[in-house]
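Participant: Can you look at this prediction? I've put the sequence above it.
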Amino acid sequence: MAVVHLAAGELHDVAFHPVLWGLAVAVFAVIILQSTIYLRAIRRSAEAAELTQQEVSQAVKTGAIAAIGPSLAVALVALSLLPLFGTPAVLARIGLVGSAPYDVAAAGIGASTVGASLGGDDYTAKVFAISFASMCVLGVLWMTAALIITPLFNTTSTALRKTSPKVGKVLSIAPLVVLPLAFAFLIFGEVSKSPVNGIVLVASAIIGGACLLIATKWGIHWLREWGLGIAIFGSLLIGAGVAAAA
Amino acid sequence: MAHGTSAPARGSIAEFDRTTSIWGPITLGLGLVVTIAAALFMAFGTGLGVTAGEFWTAVGAVALLLGVGAIVEPIMYYPILGKSAMYQAFMIGNIGNKLLPASIVAQNKLGARPGTKRAEFISGSAIIGAVIVHIASLVLLVGLLGTWLLSLIPAELIQTVQTFILPAVFGAMVPQLLSFLIKPKTKQTDEAPEPVGVAESN
């Protein structure tokens, strides 16, 4: 397929198109809207769920602190995508059900369907447009699946629970089974990629475990939430060291 | 704001369920609309000559090669997250490496038994906290300072983070997860939970 070669200026103009900026802002507005509605609903009914208002605030704060390490890492990876996709596209995609590796994969697939590659000589404004649309398709698939599966599962579980209390009991412990399975699955996928990944994972588990142990033993509560970030950065350093030595 | 352990219950659980089952899908649907608009605008609104055939070929290729994850992830995460948080999680993404850790650390800290409403509320609150950091970090570090930071940060650092971030996060989750799943019951009395979760039906 013939790809029309366009001046680099045009690629930049498209990647930083005002409408794209507007859509990126809209993404964040929708997320903020949802969080505001949810927080109000949680606060309103907190007592009915045996939760005090202070505990709600504490949960928000704990979640925020625990997310600092992962967020810095995600932001750093997002930075690496800026030269390829420009600021608004990166914000819109990583902001909304985006994950850098998946999005780059989708963009690459999109580019390849017109016989081009990301960042190559043939990376024109048109290829960018198709790559960006491909990333959006990924988000659309994810959100659509969640919109269909969530009510479906909810109806099914409610119906099952009505038929027998035993089923209800089984369903209530489902998270205890599925959660470790899901993580085992994620962990296996990472460790199988390279031995250094395994070292990083074990190092992170040890550092995180030590933080948790110290936090519980001596009542140092902040370590519970900061432990996650400390373990992530500690193990990243170890990973960098091992990779450099190898 | 009215604080206190014995503050009267102003809203019921049913009220929370109603609000989130209406606004959860609406807000996620809005996110979907914005994303579709972005794809269509970029392909057809910029006058770059993308044909419908090229557009649908790309859509089909992505759906074919990466679409499985879109179905597997909601199925996998529903039993863990429960209904209300599903709409949060599938809006933000980064579920396994950002939202779930935040949720589990908070549930751990506040002593929640999985499957209870208390756990669902703590998890929802923690995800909101994570969302605040998610947005703040993206707007500040990527949106405002991105280009400048990129010129300062050595490429090797980004490379390292890119390579090892997932094992680092998952490793750190292991002790959190263990202490979450294996622990003496704290705080929780006998509640009649409206548990989240459903096994994969087949």
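Facilitator: Yep, it's here.

Participant: ok, residue 38 - how many residues close by?
Facilitator: The chain I'm using is chain A. Other residues lying near residue A:38 total 25 when counted by other CB atoms under 10 Å in any protein chain shown. Every C-beta, even on glycine, is put in place using the N, C-alpha and C of the backbone.

Participant: nope, chain B
Facilitator: If you count neighbours by other CB under 10 Å, residue B:38 ends up with 29.

Participant: Touching, it and residue A:92? I think so.
Facilitator: Yes. Residue B:38 lies in contact with residue A:92 (CB atoms under 8 Å); the separation is 6.0 Å.

Participant: helices and strands of the chain: which one bottoms out on pLDDT?
Facilitator: Picked chain A for this. Ranked by mean pLDDT, DSSP states H and E, the helix or strand of chain A with the weakest confidence is helix A:165-172, at a mean of 73.

Participant: Quick check: buried residues in the helix or strand just after it?
Facilitator: Next along the chain after helix A:165-172, taking DSSP states H and E as the criterion, comes helix A:174-191. Neighbour-count burial for helix A:174-191, counted by 16 or more other CB atoms under 10 Å in any protein chain shown, picks out A:174-176, A:178-180, A:182-183, A:186-187, A:190-191.

Participant: mind listing the helices for chain A?
Facilitator: Counting by DSSP state H, chain A has helices at residues A:8-15, A:18-45, A:53-85, A:87-95, A:100-113, A:125-163, A:165-172, A:174-191, A:195-217, A:222-245.

Participant: Of those helices, which stretch is the most buried?
Facilitator: Most buried of the helices of chain A, by mean neighbour count (mean count of other CB atoms under 10 Å in any protein chain shown): helix A:87-95, with a mean of 26.

Participant: what's next to it, contact-wise?
Facilitator: With contact meaning CB atoms under 8 Å, 6 or more residues apart in numbering or on different chains, helix A:87-95 is reached by A:15-17, A:20-21, A:23-24, A:27-28, A:31, A:74, A:78, A:81-82, A:85, A:100, A:103, A:132, A:135-136, A:139, B:34-35, B:38, B:93, B:134-135, B:138-139, B:142-143, B:146-147.

Participant: residues near residue B:40, how many?
Facilitator: The number of residues packed near residue B:40 is 13, by other CB under 10 Å.

Participant: Is it within a helix or a strand, and which one?
Facilitator: Assigned by DSSP H and E, residue B:40 falls within helix B:13-40.

Participant: which secondary structure elements does that helix contact?
Facilitator: Contact partners of helix B:13-40 among helices and strands, from 3 or more CB pairs under 8 Å, 6 or more residues apart in numbering or on different chains; DSSP states H and E: helix A:18-45, helix A:87-95, helix A:125-163, helix B:83-92.

Participant: for the residue nearest to residue B:39 when sequence neighbours are not counted, what are its contacts?
Facilitator: Closest residue in space to residue B:39, ignoring its immediate chain neighbours: residue A:136 at 3.6 Å, by CB to CB, 6 or more residues apart in numbering or on different chains. With contact set as CB under 8 Å, 6+ apart, residue A:136 has these partners: A:93, B:35-36, B:38-39, B:42.

Participant: in chain B, which helix or strand is least confident?
Facilitator: For chain B, counting by mean pLDDT, DSSP H and E, that's helix B:155-181 with a mean of 82.

Participant: how close does the most centrally placed residue in chain A sit to residue A:235?
Facilitator: Centroid-nearest residue in chain A, with CA atoms, centre = their mean: residue A:99, separated by 5.4 Å. Per CB to CB, to the nearest Å, residue A:99 is found 20 Å from residue A:235.

Participant: again, but for residue B:52
Facilitator: Distance, residue B:52 to residue A:235, by CB to CB: 47 Å.

Participant: and the most far-flung residue of chain B relative to its centre, what element?
Facilitator: Centroid-distance maximum for chain B: residue B:49 at 35.9 Å, with CA atoms, centre = their mean. Here residue B:49 sits in a region with no helix or strand, counting by DSSP H and E.

Participant: my read: it touches residue A:126, true?
Facilitator: Yes. Using CB under 8 Å as the test, residue B:49 is close enough to residue A:126 to be in contact (6.3 Å).

Participant: how about residue B:180, what does it touch?
Facilitator: Contacts for residue B:180 were tallied using CB under 8 Å, 6+ apart; they are B:104, B:107-108, B:114.

Participant: got TSV for the buried residues of helix A:174-191, with pLDDT and distance to chain B too?
Facilitator: Below are those laid out as TSV (pLDDT from 0 to 100; distance: CB to the nearest CB, whole Å):
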residue	pLDDT	distance to chain B
A:174	74	4
A:175	72	5
A:176	75	6
A:178	78	4
A:179	77	5
A:180	80	7
A:182	77	5
A:183	77	6
A:186	77	5
A:187	83	5
A:190	80	5
A:191	82	7
